[in-house]
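1. build me a model from this:
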Amino acid sequence: MGRILFLGGIQALGVTAVFFWHIHASGIPYSDFTEDDTVYREAITLVQAGIVVSQFFNALAVRTDRQSVFRIGLLSNPWLLAAGCFGITLMAAISYLPPLQALFNTAPLAATDWAVLAAFGALPAGRGGNPQVVAAPPPDDDSEGRNTMRVIIAGCGRVGSTLAVQLVAEGHDVRLIDRSGRARRLLPAGFPGRFHEGNGYSRAVLEAAGIEHADAFVAVTSGDNSNIVSVRTAKETYQVPIVLARIYDPRRADICRELGIPTIASVRWTVHQIHQMLLHRHLTPELTFGNGETLLLRSLLPDYLTGRRLTEFDVDGEIRVVEITRAGRSLVPAHSTPAEPGDLVTFAVAATALGRLRGFLDKELGT
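-> Sure, this is the predicted structure:
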């Protein structure tokens, strides 16, 4: 609200100053003006055009709190840009077309008038729309040289509270947000992080939690819609570098990924893990990527494969040997590296190729 009043005040003072400046520059006494006077009509048109132009730049300015709109890209929101250009085009028509001039009592503006209005309107957009000079906050702890982050977590349930405790133990600055003050009970006694009661998408709550200087924002509430709105607010309004959301509905998770928001789709991930454990019980994933489309698996190599080149196990686009642990030492296999007894091999494998990988490993396992 403060920023809106600040920009509105600048706009009001600016268009008023333009009105009186134009009349003063004409040299005609104020008492001699009438509504039909050309200079008076030009001054009124300048006020109208000034409001339109400054509102256009104001809309650009309020998109970002942390940096200039020119840094995040004028074309990053083409619909907003198109709407602003349409408004300015309509104002130009009111200024130059005789039927509209008669209707609105306007007059044609010179190119220099438009240039002055554009320069004035661009000032708040260039500053990011924030009337305050934002300085980097002093560190909240006395850590020396540690690469710590400020992480805001929306949702203090089992996942949020457990994640918060782990991050705090690693020395990070953690702020928790939850609609229920009772959620604080899930935190251990003496928890050093901060707790804020409210919605994770409320700007007032986010700013109280220090969102302007956050390095990461994680939304793990029980509601998909709340999580989506929260991470979009953190990403698009406050430009938080890292945002993550837990989404239960796989379809909504896909939409988030299309918007450039990483998600953890709980249902899809759980189904995938159970499926793999049921059908590929000898292949336990060390690491999964995306929603489980690609996995890293480790397996002892069956004896019948001893002596074969490890690159023979590669299947283009499906299976790749990426590492071997041999006699306690890890190595990246060369093209000619042969398999030896006791090799523990790490495979990068597409989930759709797990059956093929299991096929030649299970010959030794006897399943």
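
2. could you break this structure into its assigned domains?
-> Following automatic domain parsing, the chain resolves into domains at 2-126, 150-267, 282-365.

3. hey, which of the ones you listed is tucked in deepest?
-> domain 150-267 (a mean of 19; mean count of other C-beta atoms under 10 Å). Every C-beta, even on glycine, is put in place using the N, C-alpha and C of the backbone.

4. sorry, back to before: just put the domains of the chain in a markdown table and tack on mean pLDDT.
-> Putting those into a markdown table (pLDDT from 0 to 100) gives the following:
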| stretch | mean pLDDT |
| --- | --- |
| domain 2-126 | 77 |
| domain 150-267 | 90 |
| domain 282-365 | 82 |
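
5. only alpha carbons, please: show whatever helix or strand residue 103 lives in as PDB.
-> Assigned by DSSP states H and E, residue 103 falls within helix 98-104. Extracted C-alpha coordinates of helix 98-104, given in PDB (Å, rounded to 0.1, in the frame of the first residue of the first chain):
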ATOM      1  CA  PRO A  98     -10.700  15.600 -35.000                       C
ATOM      2  CA  PRO A  99     -14.000  13.800 -34.000                       C
ATOM      3  CA  LEU A 100     -12.400  12.600 -30.700                       C
ATOM      4  CA  GLN A 101     -10.800  16.000 -30.200                       C
ATOM      5  CA  ALA A 102     -14.200  17.600 -30.300                       C
ATOM      6  CA  LEU A 103     -15.600  15.000 -28.000                       C
ATOM      7  CA  PHE A 104     -12.900  15.200 -25.300                       C
END
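
6. show me what it is packed up against.
-> With contacts defined as 3 or more C-beta pairs under 8 Å, 6 or more residues apart in numbering; DSSP states H and E, helix 98-104 has these neighbours: helix 78-96.

7. which residues touch the helix it packs on?
-> If you take C-beta atoms under 8 Å, 6 or more residues apart in numbering as the criterion, helix 78-96 is touched by 45, 48-49, 52-53, 55-56, 59-60, 63, 74-75, 100-101, 104, 106-109.

8. filter these down to the ones in helices?
-> Of these, the ones assigned to helices by DSSP state H are 45, 48, 49, 52, 53, 55, 56, 59, 60, 100, 101, 104.

9. looking at these, which is nearest residue 298?
-> residue 60 (51.6 Å; C-beta to C-beta).

10. gap between the closest one and residue 121?
-> The gap separating residue 60 from residue 121 is 9 Å, by C-beta to C-beta, to the nearest Å.

11. cool, and residue 113?
-> Look at residue 113 and residue 121: by C-beta to C-beta, they are 13 Å apart.

12. check residue 97 too.
-> Counting by C-beta to C-beta - residue 97 and residue 121 are separated by 23 Å.

13. with residue 204 instead?
-> Residue 204 is 28 Å from residue 121, by C-beta to C-beta.

14. does residue 324 fall in a helix, a strand, or a coil region?
-> strand (DSSP: H, G, I helix; E, B strand; the rest coil).

15. and the gap between it and residue 339?
-> Here the criterion is C-beta to C-beta. By it, residue 324 lies 8 Å from residue 339.

16. joint contacts of those two?
-> Common neighbours of residue 324 and residue 339 (criterion: C-beta under 8 Å, 6+ apart): 310, 345.

17. now the strands for the stretch 101-250 of the chain?
-> Taking DSSP state E, counting those that start in this stretch as the test, the strands found in the stretch 101-250 of the chain are 150-154, 173-178, 194-197, 216-219, 242-247.

18. with distance to residue 353 added, can I get those strands in JSON lines?
-> Shown next, in JSON lines, are those (distance: least, C-beta to C-beta, whole Å):
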{"stretch": "strand 150-154", "distance to residue 353": "36"}
{"stretch": "strand 173-178", "distance to residue 353": "40"}
{"stretch": "strand 194-197", "distance to residue 353": "46"}
{"stretch": "strand 216-219", "distance to residue 353": "32"}
{"stretch": "strand 242-247", "distance to residue 353": "27"}
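
19. which SS class is residue 345?
-> Three-state assignment for residue 345 (three-state DSSP): strand.

20. what do you get for the one 3 residues further on?
-> Of the three states, residue 348 takes strand according to three-state DSSP.

21. quick check: it touching residue 294?
-> Yes. When contacts are counted by C-beta atoms under 8 Å, residue 348 is listed as touching residue 294 (6.7 Å).

22. residue contacts, the residue most central in space within the chain?
-> Most central in the chain under C-alpha atoms, centre = their mean is residue 235, positioned 2.5 Å from the mean C-alpha point. Residues near residue 235 by C-beta under 8 Å, 6+ apart: 217, 243, 260, 261.

23. check contacts around the third one.
-> With contacts defined as C-beta under 8 Å, 6+ apart, the neighbours of residue 260 are residue 235.

24. list phi and psi for it.
-> Main-chain torsions, residue 260, degrees, to the nearest 10: phi 80, psi 20.

25. how about the last one?
-> In this entry, residue 261 is assigned phi and psi values of phi -110, psi 110 (degrees, to the nearest 10).

26. what about it, distance to residue 19?
-> When distance is defined by C-beta to C-beta, residue 261 is 46 Å away from residue 19.

27. same deal with the third one?
-> As defined by C-beta to C-beta, residue 260 lies at a distance of 44 Å from residue 19.

28. do the second one as well
-> If you measure residue 243 against residue 19 using C-beta to C-beta, the figure is 45 Å.

29. can you map out the strands along the stretch 251-367 of the chain?
-> Counting by DSSP E, counting those that start in this stretch, one finds strands in the stretch 251-367 of the chain at the ranges 263-265, 285-289, 294-300, 319-326, 329-331, 344-350.

30. nearest to residue 248, of these?
-> Across the strands of the stretch 251-367 of the chain, closest to residue 248 is strand 263-265 (C-beta to C-beta), at 7.4 Å.

31. understood, closing this out.
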